[in-house]
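Engineer: Predicted model, plus sequence, below.
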Amino acid sequence: MPVEPLSSQEVEDRLAGLPGWSLDAGRLTRSYRLGSHFAATAMVVHVAQVQEELDHHSDLTLGYNTVALAVHTHSAGGAITEKDIELARRVEDLAAGHGAH
Ligand SMILES: C[C@H](O)[C@H](O)[C@H]1CNC2=NC(N)=NC(=O)C2=N1
């Protein structure tokens, strides 16, 4: 099923419900800070599981105690779509359990 690009207004509306997320260079992005490198690594594994489940993948970056995501939809020509929003919401849901903020 093809995914349609969201309009700028639609992206803005959805971002209003995703504190900490923003649009940067055409990608939906957020960076989290965690309590340790191991905690950050565990969160990366959890995000990877969700990405496989959704078949939608961000550029996922592990730092010392940080996890950063940047995502857009390749199959929509790099636009932001509902799939990106869904991934962001799923990551928000799991972040608290990892002590990420
Ligand atoms: C074949 C597979 O379903 C596609 O390549 C998926 C995989 N993950 C993806 N991730 C993202 N961000 N955009 C896509 O269009 C995409 N497509």
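Structural biologist: Here it is on my side, so go on. Numbers count the residues shown, from 1 in each chain.

Engineer: Show me which residues of this structure sit near the ligand.
Structural biologist: 55, 56, 57, 71, 73, 74, 75 (Cβ under 6 Å from any ligand atom). Quick note: C-beta positions are derived from backbone N, CA and C, even for glycine.

Engineer: same thing but at 5 Å, please
Structural biologist: Contact residues, the chain versus the ligand (Cβ under 5 Å from any ligand atom): 55, 56, 57, 73, 74, 75.

Engineer: Of these, just the buried ones, PyMOL syntax please.
Structural biologist: The PyMOL command for the buried members of these (criterion: 16 or more other Cβ atoms under 10 Å) is given here:
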select buried, resi 56+73
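
Engineer: Out of the residues of the chain next to the ligand, which is nearest to residue 4?
Structural biologist: Proximity of the residues of the chain next to the ligand to residue 4 (Cβ to Cβ) peaks at residue 73, which lies at 9.5 Å.

Engineer: As a markdown table, the residues of the chain next to the ligand with pLDDT and secondary structure would be great.
Structural biologist: Formatted as a markdown table, these follow (pLDDT from 0 to 100; DSSP: H, G, I helix; E, B strand; the rest coil):
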| residue | pLDDT | secondary structure |
| --- | --- | --- |
| 55 | 98 | coil |
| 56 | 98 | coil |
| 57 | 98 | coil |
| 73 | 98 | strand |
| 74 | 98 | helix |
| 75 | 98 | helix |
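
Engineer: quick check, nearest of the residues of the chain next to the ligand to residue 22?
Structural biologist: The closest of the residues of the chain next to the ligand, once distances to residue 22 are taken by Cβ to Cβ, is residue 73, at 17.0 Å.

Engineer: ok, and the closest non-adjacent residue to that closest one?
Structural biologist: residue 81 (4.3 Å; Cβ to Cβ, 6 or more residues apart in numbering).

Engineer: can you pull the contacts of that neighbour?
Structural biologist: Counting by Cβ atoms under 8 Å, 6 or more residues apart in numbering, residue 81 touches 3, 4, 5, 6, 73.

Engineer: tell me the phi and psi of the closest residue in space to residue 18 that isn't next to it in sequence?
Structural biologist: Distance criterion Cβ to Cβ, 6+ apart; nearest residue to residue 18, sequence neighbours excluded, is residue 88 at 5.4 Å. Backbone torsions of residue 88, given as degrees, to the nearest 10, read phi -60, psi -40.
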